[in-house]
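> Sequence first, predicted coordinates after that:
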Amino acid sequence: MLPSQAPFPATRLRRLRKSPAIRALVSETNLTPADFIWPVFVRDGEGQVEPIASMPGVNRLSVDKVVDAAREAHALGIPSICLFPYTDPALKTECCSEAWNPDNLSNRATRAIKEAVPDIAVMTDVALDPYNINGHDGFVEDGVIVNDRTVEALVKQALSQADAGADIIGPSDMMDGRIGALRGALESAGHTNVLLLSYAAKYASAFYGPFRDAVGASGALKGDKKTYQQDPGNSDEAMRLIQRDLAEGADMVMVKPGMPYLDICQRAKQMFGAPTFAYQVSGEYAMLAGAGERGWVDGEKVMLESLMAFKRAGCDGVLTYFAPAASRILNG
Ligand SMILES: NCc1[nH]cc(CCC(=O)O)c1CC(=O)O
């Protein structure tokens with residue numbers, strides 16, 4: 001596999017690292033703002049910028065401020081912004097109907113962004129957890145997270161998002177059969193060019209903790225998500241999930257979390273060659289940003305190194321809360 005190399009001193013691999021110019025010539029991986037999808041948290045109100053304690057530097061934004069964020073992202077060269085609503089606890093119910101309300105927070109934000117910054121791709125999240133009194137991604141019946149009835153609700157949710165103008169729909173729920181159901185419903189409704197970025201290999205991870213604070217789901221969640229999210233020790237299962245989702249009509253696939261699962265990213269890209277994304281999740285962000293804030297690591301350098309690692313592993317892009325900070329540095 002590897003080309004043969006002459007023995008030392010004919011081969012001195014340090015020659016290839018001798019100066020910035022030579023290193024630039026032989027660098028294998030390129031990181032640019034075009035690699036990023038920026039997840040943002042949306043809340044009610046106007047002019048609201050509300051810090052999230054466990055995610056230093058990340059805020060919940062009212063719709064007007066999300067539009068500002070989209071403008072900023074576009075100016076920085078970030079192609080896509082991904083919306084996560086913080087839902088008023090009073091709107092959380094067992095039937096989760098706020099999820100497909102055409103005027104829910106996520107749909108209002110989508111419409112506002114598409115009007116103000118039409119060129120940015122808006123990604124939305126399909127799962128019931130922000131709206132569910134039980135905090136789960138699916139309906140709960142007698143303590144069981146039920147699959148098929150949940151998929152019917154996810155279809156309604158996704159159609160309301162597509163109607164609002166979402167470009168990319170990201171099902172993060174991990175129910176079986178949802179990609180096929182969503183693709184069929186989008187086609188029937190005439191949304192033939194709405195993309196599905198499937199959270200295909202999503203693990204039951206402790207790294208989602210700060211996110212659940214950010215969307216207000218931590219208090220609501222009863223139990224864990226292990227009957228639908230994957231066992232962190234499994235790799236073959238991830239390949240089966242990705243293969244299944246591509247076969248059902250996913251345009252792009254995601255591995256989540258990111259940094260602890262780079263082996264899954266690499267395997268997925270090599271095996272399927274599909275557009276592959278990683279989600280550098282809230283807990284990963286909190287570790288890097290928190291340690292950077294305290295001066296325990298060089299925050300900027302670990303941020304860029306961690307993002308470069310996704311590209312090296314074979315990812316086409318990465319969902320990261322660092323998107324604007326990293327882009328500002330990359331743009332010089
Ligand atoms: N549908 C839930 C969802 N969508 C995105 C994230 C996590 C994102 C992050 O941690 O940054 C989660 C959390 C979960 O599955 O409990």
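Okay, I see it. Numbers count the residues shown, from 1 in each chain.

> which element follows the helix or strand harbouring Met287 toward the C-terminus?
Following DSSP states H and E, the helix or strand that holds Met287 is helix 282-293. Remark: after helix 282-293, the chain's next helix or strand is helix 299-312, criterion DSSP H and E.

> Which other helices and strands does that following helix contact?
When contacts are defined as 3 or more CB pairs under 8 Å, 6 or more residues apart in numbering; DSSP states H and E, helix 299-312 packs onto helix 262-272, strand 276-280, helix 282-293, strand 317-320, helix 323-330. Where you see a C-beta, it was placed from the backbone N, CA and C, and this is true even at glycine.

> For the fourth one, which strands pair with it and how are they oriented?
Think strand 317-320. Next to strand 317-320 in the sheet, as set by DSSP bridges, lie strand 36-43 (parallel), strand 276-280 (parallel).

> I'd say Ser218 and Pro210 touch.
No. Applying CB atoms under 8 Å as the test, Ser218 and Pro210 come out as separate, 9.1 Å apart.

> Between these two, which has more neighbouring residues?
Pro210 (24 against 15; other CB atoms under 10 Å).

> what does the stretch 101-250 of the chain put close to the ligand?
If contact is defined as CB under 6 Å from any ligand atom, the residues of the stretch 101-250 of the chain in contact with the ligand are Asp125, Ala127, Asp129, Asp137, Ser172, Tyr208, Phe211, Arg212, Lys225.

> Just the helices from the stretch 51-200 of the chain, written as ranges.
Under the criterion DSSP state H, counting those that start in this stretch, the stretch 51-200 of the chain carries helices at the ranges 63-76, 105-116, 148-164, 178-188.

> And the first one, what does it pack against?
The elements that helix 63-76 packs onto, with contact taken as 3+ CB pairs under 8 Å, 6+ apart, are strand 36-43, strand 59-62, strand 80-85, helix 105-116, helix 323-330.

> That one: which residues count as buried?
Applying a neighbour-count criterion of 16 or more other CB atoms under 10 Å, the buried positions in helix 63-76 are Val63, Lys65, Val66, Val67, Ala69, Ala70, Glu72, Ala73, His74, Leu76.

> what's the answer for the third one, then?
By neighbour count, and taking 16+ other CB under 10 Å as the criterion, the buried residues in helix 148-164 are 150-151, 153-155, 157-164.

> How about the second one?
Residues Leu105, Ser106, Asn107, Arg108, Ala109, Thr110, Arg111, Ala112, Ile113, Lys114 are the ones in helix 105-116 that count as buried (16+ other CB under 10 Å).

> could you say what helices and strands that helix packs with?
If contacts are counted by 3+ CB pairs under 8 Å, 6+ apart, helix 105-116 sits against strand 36-43, helix 63-76, strand 80-85, strand 121-126, helix 148-164.

> what does the first one contact?
Outside strand 36-43, the residues that touch it by CB atoms under 8 Å, 6 or more residues apart in numbering are 50, 52, 58-63, 66, 69, 73, 78-86, 105-106, 109, 123, 214-215, 277, 279, 317-321, 323-324, 326-327.

> ditto for the fourth one
Contact partners of strand 121-126, identified using CB under 8 Å, 6+ apart, comprise 37, 70, 79-84, 106, 110, 113-114, 154, 157-158, 161, 164-173, 178, 182, 197.
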